[in-house]
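S.K.: Sharing a sequence plus its predicted fold:
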Amino acid sequence: MSHIYLIAFDGSNASHRALAYGVERARASGARLVLAHVLEWSPYSFLTAEELAERHKRRNQEVGRAQDIILKPMEEKLTREGVEVETVVRYGHVAETLCALAEEFEVTQIIIGRTGDSSLQKRIFGSVSVTLAQAAPVPCTIVP
Amino acid sequence: MKRLFAALAAMLPLAAPAHANFAETVDTVFAASTGWFVNLIFANLPGTQIPWIVGWLVIGAVVFTLYFGFIQFRAFGHALQIVRGKYSDPKDAGEVSPFQALTAALSGTVGLGNIAGVAVAVSIGGAGATFWMILAGLLGMASKFTECTLGVKYRNEYPDGTVSGGPMYYIKKGFEERGLPLGAFMAVMFSIFCVLGALGGGNMFQANQAASQVQSVLGIPAWVTGLVLSGIVFAVIVGGIKSIARVTEKVVPFMGIGYFLVGMLILIMNADMILWAFGEILRGAFTDTGIVGGMIGAIIQGFRRAAFSNEAGIGSAAIAHSAVRTKEPISEGFVSLLEPFIDTVIICTMTALVIIITQQLLIDAETGRYILNEAGRIATVSGATGGVPITSAAFGAVFGWAPYALSLAVFLFAFSTMITWSYYGMKSWTYMFGEGRTKEMTFKVIFCVFVFIGAVSSLDAVIDFSDAALFAMAIVNIIALYFLMPIVKRELNSYLSRMKSGQIVAFK
């Protein structure tokens, strides 16, 4: 059975490290990659009436930006290098959405980078990597 | 720079009397120029003391309640599930959620109507007005359901992804679809009244109450608050400084919850009085307790304030709800029927109970009848008259700090309601005059000027005009709803049968 790695990729330095690690592993094992860009979103946030009317337009812009600027260049680069890769953009709570994606794409491993940020806020509320380490349905690699 | 400030500070005391005279002039001109409109809307039914417009709204709500078979009770549980996101496709995350539509529409209605309006209702109509207010809230849920379903069904979607909707759109398109005449005319009439309503209830009433609260608690003159509010509103809607609006939108819901909790705390502290309070409400609702107009007076006050507070049948919430991208207009109607419940049945009742329980209204111990002051209103313990001051005194009777917190809440509620209504008003404005920057700007500047006028006018002149403008929207809107309700019924039956057959299922 072929391996599929889910890599959280938002264009940040940490996500570049996760991708580099994932590509290296994929070359070794012949795995396919799924690059996921999750936009933080809560259905329980508050919007003004004007923001409601423009939400769909904004969403299209945000998805477009994520696809065209962040994911596509990387997808093309990896394809040229012979790595099999697909991309996905989703909205939601980042860790929960990554878990859902892991099941949807039937991946065998999740790879994320951590920022190394240990601010008070993250200590109290937990970071994406900590939540994933506790809740991921498949093995999860956290790249420092 | 410092010298400039010093010079300005020195000028302020000199400028104040001039402004006070100016405020009086504004007030007189305003009262004189809107009187005919107010009289027309609040004309009594021939041979009775009942304003025809109140009957109009209640009959509408009763008709919708019966026509849709008490939908507000049948769909209540399902509505809660939709708001909790159980029926939202996770793939649609990032679009407007039912919760966001609900809170955005609520931010336009929860506000001073719940604090000031209720105080006005019980200070004129006695405790009994509360009963009729709750009844009107429950019936109004059906009106809201009808208008918001239509709002989503007949909205305009533009290629860039933005949407415009509301009564003016469903009146025009719905009437065309059913082959009825006068749709375009009625849509324009609605838009005119909506612009007036936005300037009245959605603007001047709010500014007026905020200014009077700030004046009575902090001693700052009304014209100063008027100028400040007007300036901030200008910064947000004209200057596009979204950050202020964003902060308010985040703070206001918590203010609302905080208001509810403090009210709840007062009720719990006086738990032994609650039965007495409900007894007073029922006694006042069905007997003559000495208020002007007797039992009919209580009914009119209750219905009038409920309609003003939850805006059911007015058509405003349909403008906010039409932005939701749902495949099922009915599900948006279900969500919207929670609004009158939250607004009127929960929050307004809370205010009324606090005022009654803290015994703000003077009752003659021997006869059990209210003691009236020279203005024909019920005299209060604190001597306060008019909306917010009475509520403020009631909360202040229990917690000394409450009036200060209430001042802040009133200011923020007023502000967020203004922002929401400026949007409603602008949508109607652009419906009539077409979209475009100059046209939008014209409306926004007019809106800011009215903030100031509202702040310095007297309460009665403002409250009467605000009510009149809002109710005028309901005249057009409810006529349209009568003609379009078969469309809603068809949607509803289809939705319910698909839910039964399992085509509509929860995602979570």
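M.R.: Received it, and whenever you're ready, just let me know what you need.
S.K.: how about the strands in chain A?
M.R.: A:4-8, A:32-40, A:85-92, A:109-113, A:140-143 (DSSP state E).
S.K.: by how many degrees do the second one and strand A:85-92 diverge?
M.R.: Angle, strand A:32-40 to strand A:85-92, by axes from the mean of the first three to the mean of the last three CA atoms, to 10 degrees: 20 degrees.
S.K.: I'd like to check the angle between strand A:32-40 and strand A:109-113, please.
M.R.: Going by the same axes, to 10 degrees, strand A:32-40 makes 50 degrees with strand A:109-113.
S.K.: Within range of chain B, give me the residues from chain A.
M.R.: Counting by CB under 8 Å from any CB of the partner chain, chain A comes close to chain B at A:39, A:41, A:43-60, A:62-63, A:90-92, A:97, A:100. Glycine gets a C-beta too; all of them are placed from N, C-alpha and C.
S.K.: Identify the residues contacting residue 98.
M.R.: Since you didn't name a chain, this refers to chain A. For A:L98, the contact set (CB atoms under 8 Å, 6 or more residues apart in numbering or on different chains) comprises A:6, A:8, A:36, A:38, A:110, A:112, A:128, A:132, A:136.
S.K.: could you do chain B instead?
M.R.: A:43, B:82-83, B:85, B:88, B:324, B:326, B:331-332, B:335.
S.K.: what about stretch B:357-373, how long is it end to end?
M.R.: Terminal residues of stretch B:357-373 lie 20 Å apart, using CA to CA, to the nearest Å.
S.K.: Where do the helices of the stretch 201-350 of chain B begin and end?
M.R.: B:205-218, B:222-233, B:242-269, B:271-286, B:294-310, B:316-321, B:329-336, B:338-340, B:349-357 (DSSP state H, counting those that start in this stretch).
S.K.: now the stretch 1-150 of chain B
M.R.: B:2-41, B:52-67, B:71-74, B:76-83, B:98-109, B:112, B:118-125, B:128-153.
S.K.: for the ones you listed, which one sits closest to B:T248?
M.R.: With distances scored as CB to CB, the stretch of those nearest to B:T248 is helix B:98-109 (8.6 Å).
S.K.: hmm, back to that, can I have the buried ones of the contacts of A:L98 as a ChimeraX selection?
M.R.: In ChimeraX syntax, the buried subset of the contacts of A:L98 is picked out as below (16 or more other CB atoms under 10 Å in any protein chain shown):
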select /A:6,8,36,38,110,112,128,132,136
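S.K.: where does chain B come near chain A, residue by residue?
M.R.: So chain B meets chain A at B:85, B:88, B:90, B:93-101, B:103-105, B:107-108, B:160-164, B:245-246, B:249-250, B:252-253, B:319-320, B:323-325, B:419-420, B:423-424 (CB under 8 Å from any CB).
S.K.: which of those are buried?
M.R.: Buried by 16+ other CB under 10 Å: B:85, B:88, B:90, B:93-101, B:103-105, B:107-108, B:161-164, B:245, B:249, B:252-253, B:319-320, B:323-325, B:419-420, B:423-424, out of these.
S.K.: who touches the closest residue to A:P144 other than its chain neighbours in this structure?
M.R.: Excluding the flanking residues, the one nearest A:P144 by CB to CB, 6 or more residues apart in numbering or on different chains is A:R114, at 6.2 Å. Taking CB under 8 Å, 6+ apart as the criterion, A:R114 is in contact with A:14, A:127, A:129, A:142-144.
S.K.: 10 Å instead?
M.R.: A:14, A:17-18, A:127-130, A:132-133, A:142-144 (CB atoms under 10 Å, 6 or more residues apart in numbering or on different chains).
S.K.: which among those residues gets closest to chain B?
M.R.: Nearest to chain B among the contacts of A:R114: A:V128, at 16.4 Å, using CB to the nearest CB.
S.K.: my guess is that closest one meets A:I112, correct?
M.R.: Yes - taking contacts as CB atoms under 10 Å, A:V128 lies within contact range of A:I112: 6.8 Å.
S.K.: what touches both of these two?
M.R.: A:8, A:14, A:94-95, A:98, A:142.
S.K.: Pull out the buried members of the residues of chain A next to chain B.
M.R.: Of the residues of chain A next to chain B, these count as buried by 16+ other CB under 10 Å: A:39, A:41, A:43, A:46-56, A:59, A:62-63, A:90-92, A:97, A:100.
S.K.: The residues you listed in helices, which ones?
M.R.: A:49-56, A:59, A:62-63, A:97, A:100 (DSSP state H).
S.K.: how far out from the middle of the chain is stretch B:434-443?
M.R.: 25 Å (CA atoms, centre = their mean, to the nearest Å).
S.K.: typo on my end, it should be stretch B:146-154
M.R.: Distance, centroid of stretch B:146-154 to centroid of chain: 19 Å (CA atoms, centre = their mean).
S.K.: Next: stretch A:61-69.
M.R.: 14 Å.
S.K.: how long is it end to end?
M.R.: Stretch A:61-69 has an end-to-end distance of 11 Å (CA to CA).
S.K.: what's next to that stretch, contact-wise?
M.R.: A:9-11, A:37-39, A:41, A:54, A:71-72, A:75, A:87-91, B:94, B:160-161.
S.K.: Give the buried residues for that stretch.
M.R.: Those buried within stretch A:61-69 under the rule 16+ other CB under 10 Å are A:62-63, A:66.
S.K.: for stretch B:500-508, same thing?
M.R.: Of all the residues in stretch B:500-508, those buried under the rule 16+ other CB under 10 Å are B:I504.
S.K.: Please compute how far that stretch lies from its chain's middle.
M.R.: 34 Å.
S.K.: got the contact list for B:A211?
M.R.: B:220-229, B:388, B:410-411, B:414, B:451-452, B:454-457.
S.K.: ditto for B:N493
M.R.: B:N493 is in contact with B:I330, counting by CB under 10 Å, 6+ apart.
S.K.: Kindly confirm my reading that it is in a strand.
M.R.: No - B:N493: not assigned to a strand; according to DSSP: H, G, I helix; E, B strand; the rest coil it is helix.
S.K.: quick one: contacts for B:S309?
M.R.: So B:S309 contacts B:109-118, B:121, B:133, B:136-137, B:140, B:201, B:340, B:343-344, B:347-348, B:351 (CB under 10 Å, 6+ apart).
S.K.: same check, this time on B:A455
M.R.: B:23, B:26, B:204, B:206-212, B:214-215, B:221-230, B:414, B:462.
S.K.: Check what pLDDT B:H19 gets.
M.R.: Per-residue pLDDT puts B:H19 at 54.
S.K.: same deal with A:G116?
M.R.: Looking at A:G116, the pLDDT reads 66.
S.K.: Backbone dihedrals for the closest residue to B:E95 other than its chain neighbours, please?
M.R.: Excluding the flanking residues, the one nearest B:E95 by CB to CB, 6+ apart is B:R325, at 4.9 Å. According to degrees, to the nearest 10, the main-chain angles of B:R325 amount to phi -90, psi 90.
S.K.: and the gap between B:R325 and B:Y424?
M.R.: For B:R325, the distance to B:Y424 (CB to CB, to the nearest Å) stands at 20 Å.
S.K.: and B:K86, how many residues sit next to it?
M.R.: 14 (other CB atoms under 10 Å in any protein chain shown).
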